[in-house]
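Novice: Sequence and predicted structure are below.
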Amino acid sequence: MSNTKIILIPLDERPVNTRYPEMLAAIAGAELRLPPPEIRGLQRTPADVEKLIHWLRQSSTDADVCIASCEYLGYGNLINARISDDSTADVITRLAVLAEVGAQIPVHAFSLITRVSNADDCVEEPLYWLQWGTKFYRFARLYHRNEAGDLTETERADLSTLQAELPHELVVDWLTRRLRNHAVKGSVAQEPWQFGPQALAIIRHYVRLRYKLLPYLYQLWVAQARDGSAVMRPLFHDFDNADGLDLDRIDDQFLVGPALMQAPLVHQGQQQRTVALPGTGRWLDAGSGRFVAAGRSVQARSDAASTPLYAREGQLLPMQPGERTTPSNDLADIELHVILGRGCTDAARLDYTFDDGLSDAHERGERGVVRFHATRVGDEIVLRVETLQAWKPLRVSVVGYDAAASVKLVLASGVQAQALVGDSWTFSGQPLAIGRGSIFAV
C-alpha cells in the first residue's frame, strides 16, 4: 500500500471518520486525501456539496482509489441524511459524480440505513423529535412489524393509538424522508420478506437468536463497562498460537465473549471453509450438537440455514427462555445452557449479573449477582448456586447437552435433584437434542 493515493469522503467530520483514517494511512505509508476542512461542515451544518464535488473531480486525476460515503456526498454528512429536505433528484444528481470518477479509478462507495432514534432529542434528528422522538421510534417499529404481518393484537392497538396521536404532517414528513433515502440507494428492496418464505424464516431465526442471547451479551457489556473487556474479539485475544494455528493471522473468525466463536462464510456461493478451533478441550458445534476436539483446524460445511458457530466447552451460556417473538426481555428469567459434554472434567463458572436492563439503577446497587459453578459426572450435572448480591428472585432452568439426564442443584436452601427432560432447539443448523430442567428460583 506504500505511496498509494487514497481519496476518502468520510461519513461525517468526527475524528473517528477523519483523523483515525489519516493515522491508519500513515502507518501503512499511504497518502490519504480528505476534503478540505473549510468545506466539511459540522453536525447539523452540511458540507458544501458543490465544492466537495469540484474537489473530488480535481483530486481524482492522479489518485489510485476513492472510498466514498454516499450520505456525505449526497446530503453533506450523516446527520443531514436524517434531517435535510433535499429531493431525491438532487441527491441522485450529486452521486452521479461517482460514475464519472469510477471511469478513471476504482470507487468503493458505501451507504447506511439511517437509524430511528429512541429519544426525545433533536440534536441529530428533525426538530420535532424533541417532542415526539420516542413515539416515532415506537411507531416505526410497529409500522415495520405490521408490514411483515407479525403484529400481536396488543401491538395492533398500540399502532392505531400512535397513528391517531402523531401529527399527520409530521408522519408524512418523516416517511417521505425515509422513502427518499431508500430510493436514492437505487437498490432492490431489502426487507426480509422480499426474499421469499424460506429466506424470511432463516432471517427471523437469527434475529430471534440474537434476542435469546441477550442475557449472555449483557454479561459482556457489564464486563466491558467494568474493566474494558472486548465484546467481539480476535482469536488471539483469548488464545495463544499453537502448532499449525497461527491465530494472529486469522482475520475471518471471531469470538463473541469467551464462550462463542463464529467462522462466517464471506464469499458468495461458498459452502465450506477451514475453521481453527483454538485452545485445549473441545468446542460444541452449534450446527450438529457434537463436541469437537480443539487445538486443530477442521472443515466446516454450511447451507442457507446455518453458519459455522461454536460454543466453548467449560462455559455457561445464559439465554432468555423459549423462542423470542418480541424485543422484550427479563434478565431475571433465564435458561442456563451448561456446555459440558460427556467425559468433561472441567468446571464451568459464571457470575451472572442482572438488573432492570433499562435504567441507571444498577449504579445505586439495584442489581443482582449470582455465582454458578457446574461440573459433570457421567450423565449428571452438578450445579452449585450462590447469591453474591441480592436484588430480586432469579428464575433459572438448566439446559444440558450430550445426553445429560439429570442435574443436582446445590442451593443455600439445600440440595435438589431434577431430571432433565428430553427436548430440542435450533441454535444454527439442525435441531439439537438437549435435556431441559424445571424452573427454580434463587
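Specialist: It's in. Numbers count the residues shown, from 1 in each chain.
Novice: For the rest of this, base every contact and every neighbour count on C-alpha atoms.
Specialist: OK.
Novice: okay, the residue nearest the centre of the chain: pLDDT?
Specialist: The geometric centre of the chain, computed from its C-alpha atoms, lies nearest to Arg210 (Cα atoms, centre = their mean), at 7.6 Å. What the model reports as pLDDT for Arg210 is 91.
Novice: Enumerate every residue touching it.
Specialist: Residues in contact with Arg210, defined by Cα atoms under 8 Å, 6 or more residues apart in numbering, are absent; none qualify.
Novice: Please apply the same query to Leu34.
Specialist: Contacts were defined as Cα under 8 Å, 6+ apart; by that measure Leu34 touches Ile7, Leu8, Ile9, Pro10, Thr18.
Novice: Dump these to a markdown table, plus secondary structure and pLDDT.
Specialist: Converted to a markdown table, these look like this (DSSP: H, G, I helix; E, B strand; the rest coil; pLDDT from 0 to 100):
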| residue | secondary structure | pLDDT |
| --- | --- | --- |
| Ile7 | strand | 96 |
| Leu8 | strand | 96 |
| Ile9 | strand | 96 |
| Pro10 | coil | 95 |
| Thr18 | coil | 93 |
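Novice: For PyMOL, write the select line for the buried members of these.
Specialist: For the buried members of those, the matching PyMOL selection, counting by 16 or more other Cα atoms under 10 Å, is:
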select buried, resi 7+8+9+10+18
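Novice: Between the contacts of Leu34, which sits nearest Pro192?
Specialist: Among the contacts of Leu34, Pro10 lies closest to Pro192 (Cα to Cα), at 28.8 Å.
Novice: how much space between the closest one and His54?
Specialist: With distances defined as Cα to Cα, to the nearest Å, the gap from Pro10 to His54 amounts to 16 Å.
Novice: And the strands in the stretch 51-200 of the chain, which stretches?
Specialist: Counting by DSSP state E, counting those that start in this stretch, residue ranges of the strands within the stretch 51-200 of the chain are 65-69, 107-110.
Novice: most neighbours per residue, which of the ones you listed?
Specialist: Highest mean neighbour count of these: strand 65-69, a mean of 20 (counted as mean count of other Cα atoms under 10 Å).
Novice: Which residue ranges make up each domain of the chain?
Specialist: As assigned by automatic domain parsing, the chain contains the domains 5-110, 129-187, 230-312, 316-441.
Novice: Please convert those to a markdown table, extending it with distance to Ala119.
Specialist: Compiled in a markdown table, these are given as follows (distance: least, Cα to Cα, whole Å):
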| stretch | distance to Ala119 |
| --- | --- |
| domain 5-110 | 15 |
| domain 129-187 | 5 |
| domain 230-312 | 25 |
| domain 316-441 | 13 |
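Novice: Going by mean pLDDT, which of those comes out lowest?
Specialist: domain 129-187 (a mean of 84).
Novice: re the thing from before, which of the contacts of Leu34 sits closest to Tyr137?
Specialist: Relative to Tyr137, the closest of the contacts of Leu34 is Pro10; by Cα to Cα it sits at 27.1 Å.
Novice: separation between that closest one and Ile67?
Specialist: Here the criterion is Cα to Cα. By it, Pro10 lies 8 Å from Ile67.
Novice: contacts for stretch 215-228?
Specialist: Looking at stretch 215-228 with Cα under 8 Å, 6+ apart, the contacting residues turn out to be Ser229, Ala230, Val231, Gly257, Leu317, Pro318, Met319, Gln320, Leu331, Ile334, Tyr352, Thr353.
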